[in-house]
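# Would you be able to build a 3D model of this:
(chains A and B)
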Amino acid sequence: MSIITVRDVKTIFGGKVVHDGLNLTVNEGEIYGLLGPSGCGKTTLLREMVMLQDFPYGNISILGYNIHSMKESDAQKLRRKWGVLFQFGALFSSLSIRDNIALPLVEYTDLHAGMIEEIVQFKINLVGLKSSDADLFPSQISGGMKKKAGLARALCLDPKLLFLDEPTSGLDPISAREFDDLILKLRSLLGLTIVMVSHDLQSIYDTIDRVAIIDEKKITYEGTIKDVKSSKSKFVQTFFK
Amino acid sequence: MQKTILFNKQGSTLSLEFLEEITLYTLAQIEKQILSYSYKGIKTLVLNLEKVAFIDTAAAIFLAKIEEDMSSKNIQCTLICQDKILLATLELVKTHKPEKERAHANISFVEKELQIVDKYLSKYLDGIFSLIAFFGKSFMASMYYLSSFRHIRFKEIFYEINESAIKALAIVALTSFLVGLVVAYQSAIQLKIYGANIFIVDMLGVSILRELAPLITAIVIAGRSGSAFTAQIGAMKITQELDAMKTMGFDPFAFLVLPRIIALMIAMPILIFVADMMGIFGGMIVSDINLHVPPSLFLDRLREVVDVKHFFIGIIKGPFFAFLIASIGIYRGLVVKDDTQSIGFNTTKSVVESIFAVIVCDALFSIALTNLGI
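As a prediction, the model looks like this:
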């Protein structure tokens, strides 16, 4: 079953065409990678999927909702069904790690404080942070920890769909591999569908099932990672050498 | 309330049969039902998940917690579940169970209080030391400037004079004009009672030239340019521009700090001069209308009774005020931390502190000059 379908999406920034008719499909339960050279608009596409950026032509539908023509109440429902991890975590700087993770739980559920604390502690532990880190503020922790805390926040409502923007960039190789393992484990346990932008070759080989390569404003390849070398794209030829 | 759990009691065994999927959103209701049940005389609790299609991790945490609670009440707990995915989720929760609260080190009340005092005191001292370090570095940079004419960043200085002073001219002039107007208007009522109309000139001349114009200018500039310094430099710090400058060998003190301080010190006396004229002008209008002191008489009297020293004292204060405003603004920008709240906090602080510093400085001037008999 397809979770996300992107049809003929065209993006134009101030006269400059970034995407010229993108088409792709993400199926349920897979880890889907968006790849391409710098500036090809991977992150832009991700932003368009999570409704941060409008696009003039084309259609994107996510979990059965067409994001161009749905009601605001549906959009709000949809937003609870996905989690987004930004490249630098994007934690709220005025809140501690605990409060960052607890915020969606406090706002969207009627659980009592004790239960929320249990859930927060579990998520903190799940992503590999220490319980004592919960009281720290985003300005007091390292980039890697911010990323983990951002993931914990993205996972806090147990979403079906997870968007990751360069999840392993800025992590040391050991943490990066742990992160990959974590993503694979979460996928199998929670039935997640994951869309990620990545440049980390190891992580791409280890985690990604299918991949879309954006180059020259189009999708030059979409399919499994094994067959990627069949693509004639110059980017693919150098990147997967 | 819709039943989502079936309670089935047989002797000392209670079986809880969950009927639908358990998620974050249904959990609160389920918990209420379970907690409201009385567990007296129950020895075994069976959690039956046969009919549950899906649980999320929050639900798994909840189930694990029930098992724990029950075992602490000496109730045996068993779980009936065949679904592999559900079991895996439960297992996941158990493997990532955070270790219980680290034991708090036993510290006495006094020790705790002392720790708090220590924390605040060291923070306070750190602030003072970093301020001293800031002045030290500024001084070093000014020595570097003085070592050669070519080291002075004229371009930046003139740019800052334009940005933080020339562009503030209109607002300084208007504020000062209004203050002159208001002071004259209020005094006019009092002076009229005694028929001492002409003394408005003495009063306005001394108060505006010596005190009001410098203070008004300093306050407007602190609010307008001092805060801008903090915000600009704070933003540069967050985006690591300052670090980039340092690695390229551009000393931020020579490139950012001194040009701003020097620019404001040059421009402030000019702004005060404009404020003087506008304040007197405002007073003159009120004198003409309310007290029937025509401008020609006003100006004659001004020249006669108001010594030129009052004017110079006002002007001399300018560079001192400018130094305080610029250095506090920049210092506050440099101590901005790597989070978005910090800029707002430091900008507020910079304005409050620089206005306070200006007023303290003005008081010192007043005491010193009076004692010197000037």
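# Would you state the predicted confidence (pLDDT) at residue 52?
Using chain A here. pLDDT for A:Leu52: 85.
# ah, I was thinking of chain B
Looking at B:Val52, its pLDDT is 83.
# now do B:Met278
So B:Met278 comes in at 95 (pLDDT).
# Just list the residues touching it, thanks.
Contacts for B:Met278 (C-beta atoms under 8 Å, 6 or more residues apart in numbering or on different chains) come out as B:Ala173, B:Leu174, B:Ser176, B:Phe177, B:Gly180. From N, CA and C alone the C-beta is placed, and that goes for glycine too.
# and it, that one's in a strand?
No. Going by DSSP: H, G, I helix; E, B strand; the rest coil, the assignment for B:Met278 is helix, not a strand.
# which one is the residue of the stretch 151-300 of chain B found nearest chain A nearest to, not counting chain neighbours?
Proximity of the stretch 151-300 of chain B to chain A (C-beta to the nearest C-beta) peaks at B:Ile238, 10.2 Å away. Using C-beta to C-beta, 6 or more residues apart in numbering or on different chains and skipping the chain neighbours, the partner closest in space to B:Ile238 is B:Asp338 (6.1 Å).
# if we can go back for a sec, for burial, what's the neighbour tally of the residue of the stretch 151-300 of chain B closest to chain A?
For B:Ile238, the count of nearby residues is 16 (other C-beta atoms under 10 Å in any protein chain shown).
# And A:Lys232, by the same measure?
Applying other C-beta under 10 Å, I find that A:Lys232 has 9 neighbouring residues.
# Skipping adjacent residues, who's closest to it in space?
A:Thr220 (7.8 Å).
# What is the three-state secondary structure of the one you found?
Assigned state for A:Thr220: strand (three-state reduction, three-state DSSP).
# And it, how close does it get to chain B?
34 Å (C-beta to the nearest C-beta, to the nearest Å).
# Wait, B:Val286 touches B:Val179, no?
No. Look at B:Val286 against B:Val179 with C-beta atoms under 8 Å: they stay out of range, at 11.7 Å.
# Outside of the strand or helix carrying A:Ser61 itself, list whatever touches it.
For A:Ser61, the host element (DSSP states H and E) is strand A:57-62. Applying C-beta under 8 Å, 6+ apart, the external contacts of strand A:57-62 come out as A:3-10, A:21-22, A:48-49, A:66-68, A:78, A:82, A:161.
# For the stretch 51-200 of chain B, which segments count as helices?
Here the stretch 51-200 of chain B has its helices, by DSSP state H, counting those that start in this stretch, at B:57-72, B:84-95, B:109-147, B:154-164, B:169-194, B:200-206.
# Tabulate those helices in CSV, adding columns for mean pLDDT, distance to A:Gly15 and mean neighbour count.
CSV is the format used below for these (pLDDT from 0 to 100; distance: least, C-beta to C-beta, whole Å; neighbours: other C-beta atoms under 10 Å in any protein chain shown):
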stretch, mean pLDDT, distance to A:Gly15, mean neighbour count
helix B:57-72, 85, 47, 19
helix B:84-95, 82, 50, 16
helix B:109-147, 89, 45, 12
helix B:154-164, 91, 32, 17
helix B:169-194, 93, 38, 17
helix B:200-206, 92, 60, 21
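# how about the helices in chain A?
Assigned by DSSP state H, chain A shows helices spanning A:42-49, A:72-81, A:97-108, A:113-126, A:143-154, A:173-190, A:201-207, A:234-239.
# which strands and helices sit next to the second one?
When you say that, I think you mean helix A:72-81. Helix A:72-81 sits against strand A:65-66, with contacts defined as 3 or more C-beta pairs under 8 Å, 6 or more residues apart in numbering or on different chains; DSSP states H and E.
# Pairing partners for the strand it packs on, with directions?
strand A:57-62 (antiparallel) (DSSP bridges).
# and residue 30, what is it in contact with?
Unless you meant another one, I'm taking chain A. With the criterion set at C-beta under 8 Å, 6+ apart, A:Glu30 makes contact with A:Thr193, A:Ile194, A:Asp209, A:Arg210.
# was after chain B, sorry
Here B:Ile30 is in contact with B:Thr4, B:Ile5, B:Phe18, B:Ile22, B:Phe62 (C-beta under 8 Å, 6+ apart).
# Narrow those to just the buried residues.
B:Ile5, B:Phe18, B:Ile22, B:Phe62 (16 or more other C-beta atoms under 10 Å in any protein chain shown).
# Can you tell me which of those residues is nearest B:Thr95?
Distance to B:Thr95 across these (C-beta to C-beta) is lowest for B:Phe62, with 16.6 Å.
# Low-confidence bits of chain A, can you list those?
Low-confidence segments of chain A (pLDDT under 70): none present.
# Return the residues of it in contact with chain B.
A:93-94, A:105, A:108-112, A:115, A:118-119, A:121-126, A:131-132, A:137-139, A:157-158, A:185, A:188-191 (C-beta under 8 Å from any C-beta of the partner chain).
# among those residues, which ones are buried?
A:105, A:109, A:111, A:115, A:118-119, A:121-126, A:131, A:137-138, A:157-158, A:189-190.
# Out of the helices of chain A, which one sits most buried?
Of all the helices of chain A, helix A:143-154 carries the top mean neighbour count, a mean of 23, counting by mean count of other C-beta atoms under 10 Å in any protein chain shown.
# So which elements touch it?
Against helix A:143-154 (3+ C-beta pairs under 8 Å, 6+ apart) you get strand A:82-85, helix A:97-108, helix A:113-126, strand A:161-165, helix A:173-190.
# need the ones you listed in JSON lines with distance to B:Met203, can you?
Formatted as JSON lines, the helices and strands packed on helix A:143-154 follow (distance: least, C-beta to C-beta, whole Å):
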{"stretch": "strand A:82-85", "distance to B:Met203": "66"}
{"stretch": "helix A:97-108", "distance to B:Met203": "58"}
{"stretch": "helix A:113-126", "distance to B:Met203": "64"}
{"stretch": "strand A:161-165", "distance to B:Met203": "67"}
{"stretch": "helix A:173-190", "distance to B:Met203": "73"}
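# which residues sit in contact with the residue of the stretch 151-300 of chain B closest to chain A?
Contacts of B:Ile238 (C-beta under 8 Å, 6+ apart): B:Val336, B:Asp338, B:Thr340, B:Ser342, B:Ile343.
# Dump the helices of chain A to JSON lines, plus distance to B:Met245.
Output for these, formatted as JSON lines (distance: least, C-beta to C-beta, whole Å):
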{"stretch": "helix A:42-49", "distance to B:Met245": "28"}
{"stretch": "helix A:72-81", "distance to B:Met245": "40"}
{"stretch": "helix A:97-108", "distance to B:Met245": "32"}
{"stretch": "helix A:113-126", "distance to B:Met245": "37"}
{"stretch": "helix A:143-154", "distance to B:Met245": "22"}
{"stretch": "helix A:173-190", "distance to B:Met245": "31"}
{"stretch": "helix A:201-207", "distance to B:Met245": "34"}
{"stretch": "helix A:234-239", "distance to B:Met245": "35"}
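# Relative to B:Leu92, which of those is closest?
helix A:173-190 (5.3 Å).
# any residues touching the closest one, and which ones?
A:29, A:31, A:126-128, A:144, A:147-148, A:151, A:155, A:158, A:162, A:164, A:167-168, A:171, A:192-194, A:200, A:202-203, A:206-207, B:56-57, B:85, B:88-89, B:92.
# again, only this time at 7 Å
Defining contact as C-beta atoms under 7 Å, 6 or more residues apart in numbering or on different chains, one finds that helix A:173-190 is touched by A:31, A:127-128, A:144, A:158, A:167-168, A:171, A:192, A:194, A:200, A:203, A:206-207, B:88-89, B:92.
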